[in-house]
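Asks: Let's see this in three dimensions:
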Amino acid sequence: MTRLTGRALRVTIFIGETDLWHHKPVYTEIVHRVRKAGLAGASVFRGIEGFGASSLIHTQRLLSLSEDLPVAVVIVDAEDKIRAFLPELDELVAEGLVILDDCEVIRYVGRGKAK
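Replies: All right, here's what the predicted structure looks like:
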């Protein structure tokens, strides 16, 4: 199990829900590569409304239902591990935004194994 406390780096990737990598969602490919790389974890969050560089608003509101809602993938780990992973994102993220923030992890506890 990965142990993580203290100073860390958070990478947030903003992409579209329908962005694909070899016929599967980009966010799925990112999560699988994060796991394979041995990083602490990744979470995917689906937005209800937003816009990006194209200025086209994507929304979940009933009268203007979008099929391409915004998605954020968040990864937190030690800076060296995050920076080593960045080339993977260069390959996967054709359109979107990737940001890095310094952060501090105060608690990171996994679930016990199922018996």
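
Asks: What distance do you get for the residue nearest in space to the middle of the chain to residue 80?
Replies: The residue lying closest to the centre of the chain (Cα atoms, centre = their mean) is residue 73, at 1.6 Å. Going from residue 73 to residue 80 by Cβ to Cβ, to the nearest Å gives 20 Å. Any C-beta I mention is one placed from the backbone N, CA and C, and that applies to glycine too.

Asks: From the contact counts, what lies against the lengthiest strand in the chain?
Replies: Ranked by residue count and defined by DSSP state E, the top strand of the chain is strand 6-16. Contact partners of strand 6-16 among helices and strands, from 3 or more Cβ pairs under 8 Å, 6 or more residues apart in numbering; DSSP states H and E: helix 26-36, strand 70-77, helix 79-92, strand 97-105.

Asks: So which of those is nearest residue 16?
Replies: strand 70-77 (6.7 Å; Cβ to Cβ).

Asks: picking that back up, just the CA trace of the longest strand of the chain, in PDB.
Replies: Taking Å, rounded to 0.1, in the frame of the first residue of the first chain, the C-alpha atoms of strand 6-16 are listed here in PDB:
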ATOM      1  CA  GLY A   6       3.300  15.800   3.900                       C
ATOM      2  CA  ARG A   7       4.100  17.800   0.800                       C
ATOM      3  CA  ALA A   8       2.700  16.500  -2.500                       C
ATOM      4  CA  LEU A   9       1.700  17.500  -6.000                       C
ATOM      5  CA  ARG A  10      -1.800  17.400  -7.300                       C
ATOM      6  CA  VAL A  11      -2.500  17.200 -11.000                       C
ATOM      7  CA  THR A  12      -6.000  18.000 -12.300                       C
ATOM      8  CA  ILE A  13      -6.900  17.100 -15.900                       C
ATOM      9  CA  PHE A  14     -10.000  18.800 -17.400                       C
ATOM     10  CA  ILE A  15     -11.300  17.000 -20.400                       C
ATOM     11  CA  GLY A  16     -14.600  16.200 -22.100                       C
END
